[in-house]
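Trainee: Quick check, what structure comes out for this input:
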Amino acid sequence: MMKLPRLFLAALLLTLSWPSAATEPLTVRYVDASVMKRNPNNAYFGQLLQLALEKSKAKYGPYQLAPLDIDISQRRHFRELNNGVINVFWTMTNYRRELDALPVRVPLMKGVYGLRLLAANEHDLATLAGVQGLGDFAPFTFLQGRDWPDTQILRLNRLEVSTDVSEGDMYEFTRRHPGYLFPRAVTELYSETESRNFSELAGEEHLLIRYPAVMYFFVAKQDTLLAQRLEYGLKAAMADGSFDQLFYGFAPHRIALKQAQLHRRKLLTLDNPLLPESAMPAEVMKLQDEVIAHLEP
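Mentor: This is a model prediction of the structure:
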């Protein structure tokens, strides 16, 4: 019988006795500013991230989540992602962002961030009730953030946009200044205005602005394993129905869809030339149609 060299045998025994790195939980750091920004919608993405990791645990191993309650810009998210400070975050995709980070190409919100309601000053409601096309927005200026993808989408559709107001002041600015509109996703408007005591700005009930838009998880460009894991987990959740259960069962979503009555609104469709073809715009709009037609009991 051949004898193994002593050094090789010692190394083998050490390897067998040492805990395998594969059994160590994967730590996933992400920014959850739900409390700081008084935005309960962020909790959905944290829950969806957990669902994707849970659905992929049998294949990829254990994990632990490490949320950070800080308020940083979308641009800084990309920097911290590629610096390794965080491992994942969620945002709308476009060509530039898919060059800066690695997208997990599974829509997180059924295109809802391209379904926009308008936070509006009460003095503008009568004018907005008569809007039938994009040209009727000529008297209005839309408030947007400097690094938001929606900013360019609105401008490319020849709408007047201002980025001079900081994000935290946009509702207050709209309250004080007629003639300004602050478009928010269907799932954002009601929860945000209620939590920040701006409920009177959610009184516009006539219009629904629509453009194909997709929210993805993004990871660092070199983190292909996490991207593969999240894609696997999200698709597994879609296949077994737990994705839809979370999306429609998440309380702010359920309340917003019931309150918005999307199927009764005037639909105004914008082009989104910034959406990569890989996002399949036609499929995104089918998802949006599903949400518009969904009736909460």
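
Trainee: Look up phi and psi at F247.
Mentor: phi -60, psi -50 (degrees, to the nearest 10).

Trainee: Give the burial count for it, as a bare number.
Mentor: F247 has 21 neighbours, counted by other CB atoms under 10 Å. Just so you know, the C-beta spots here come from the backbone N, C-alpha and C atoms, and that holds for glycine as well.

Trainee: just Y190 next, same as before
Mentor: 20.

Trainee: Leaving out the residues flanking it, which one is nearest to it?
Mentor: Among residues not flanking Y190 along the chain, A256 sits closest, at 5.0 Å (CB to CB, 6 or more residues apart in numbering).

Trainee: Tell me which helix or strand the one you found sits in.
Mentor: Element membership for A256, per DSSP states H and E: helix 251-260.

Trainee: From the contact counts, what lies against that helix?
Mentor: helix 186-195, helix 242-249 (3 or more CB pairs under 8 Å, 6 or more residues apart in numbering; DSSP states H and E).

Trainee: Deepest-packed of those, please.
Mentor: When those are scored by mean count of other CB atoms under 10 Å, the highest mean neighbour count falls to helix 186-195 (a mean of 21).

Trainee: Report the distance from that one to the chain centre.
Mentor: 15 Å (CA atoms, centre = their mean, to the nearest Å).

Trainee: now stretch 62-81
Mentor: 13 Å.

Trainee: which parts of that stretch are buried?
Mentor: Judged by neighbour count using 16 or more other CB atoms under 10 Å, the buried positions of stretch 62-81 are Y63, L65, P67, H77, F78, E80, L81.

Trainee: now do stretch 142-162
Mentor: Buried-residue list, stretch 142-162, by 16+ other CB under 10 Å: 142-145, 148-154, 157, 159, 161.

Trainee: Turn the helices and strands packed on helix 251-260 into a markdown table, columns for distance to L208 and mean pLDDT.
Mentor: Output for these, formatted as a markdown table (distance: least, CB to CB, whole Å; pLDDT from 0 to 100):
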| stretch | distance to L208 | mean pLDDT |
| --- | --- | --- |
| helix 186-195 | 8 | 92 |
| helix 242-249 | 18 | 97 |
